[in-house]
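Student: Return a 3D structure for these sequence lines:
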Amino acid sequence: MNRHAIVSTRIGDLTVVADNEVLVGVYFPHHWVKPTAETLGERVEATDPFIAAVVGQLEEYFAGARVTFDVATRLHGDEFQRRVWTVLEEIPYGETTTYGEIAARLGEPAYAAQAVGKAVGQNPLSIVIPCHRVIGKNGSLTGYAGGLKRKQFLLDLEQPVGARLF
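Tutor: Residues are numbered from 1 along each chain as shown. I've put the predicted structure just below:
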């Protein structure tokens with residue numbers, strides 16, 4: 001049975017959704033694809049042990065002390081979305097790729113970068129499944145459910161200390 005908590009983090013409020021001991025959603029307040037009431041389940045306190053553990057890992061990541069997450073996750077989507085999200089999971093910490101590169105990697109030339117972009121935008125596990133690592137083909141920041149300032153923060157966070165612009 002799903003449950004959720006709205007938690008304050010150093011990058012703003014996030015809605016963390018769990019199904020038992022499995023993470024099924026991390027949403028920004030203005031997320032493009034909003035979860036349904038059924039997806040969210042009942043609202044619980046952020047002290048819920050599993051949700052607190054997820055938040056702890058997120059905060060470690062935001063502090064630069066974690067590069068991967070080790071919580072069980074489950075994604076619900078169509079076959080194409082799941083294939084795109086699998087590629088997102090494989091983008092190494094500190095690296096970026098483009099929508100077109102993802103489409104090419106999937107071997108789906110019939111799917112334009114826009115189709116990949118739509119699937120990336122529907123990622124229900126923001127940050128944990130690193131959709132922020134996808135940029136435009138010219139290196140520009142493109143849409144992000146958390147907003148471009150958060151996307152830039154996350155990309156900057158993942159740069160080696162010597163490479164960060166302060």
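Student: who are the neighbours in contact with the closest residue to Asp70 other than its chain neighbours?
Tutor: Nearest non-adjacent residue to Asp70, counting by CB to CB, 6 or more residues apart in numbering: Gln57, 7.3 Å away. Every C-beta, even on glycine, is put in place using the N, C-alpha and C of the backbone. The contact partners of Gln57, by CB atoms under 8 Å, 6 or more residues apart in numbering, come to 66, 69-71.
Student: repeat for Ala18
Tutor: When contacts are counted by CB under 8 Å, 6+ apart, Ala18 is found next to 2-4, 24, 48, 50-51, 54.
Student: What about those residues, which one has the most neighbours?
Tutor: Val54 (24 neighbours; other CB atoms under 10 Å).
Student: Now the residue positioned nearest the centre of the chain. Nearest residue, chain neighbours left out?
Tutor: Closest to where the C-alpha atoms of the chain average out (CA atoms, centre = their mean) is Ser126, at 1.8 Å. Computed as CB to CB, 6+ apart, the closest residue to Ser126 that is not its neighbour in sequence is Val26, at 4.8 Å.
Student: and that neighbour, that one's in a helix?
Tutor: No: Val26: not assigned to a helix; according to DSSP: H, G, I helix; E, B strand; the rest coil it is strand.
Student: And the pLDDT at Gly146?
Tutor: pLDDT for Gly146: 88.
Student: The nearest residue to it once chain neighbours are set aside and Arg83, how far apart?
Tutor: Counting by CB to CB, 6+ apart, Gly146 lies nearest to Phe28, which is 4.1 Å off, once chain neighbours are set aside. Separation of Phe28 from Arg83 (CB to CB, to the nearest Å) stands at 24 Å.
Student: What of Ala52?
Tutor: Taking CB to CB as the measure, Ala52 falls 32 Å from Arg83.
Student: more crowded one of the two?
Tutor: Arg83 (18 against 15).
Student: quick one: contacts for the more buried one?
Tutor: Arg83 sits next to Leu106 when contact means CB under 8 Å, 6+ apart.
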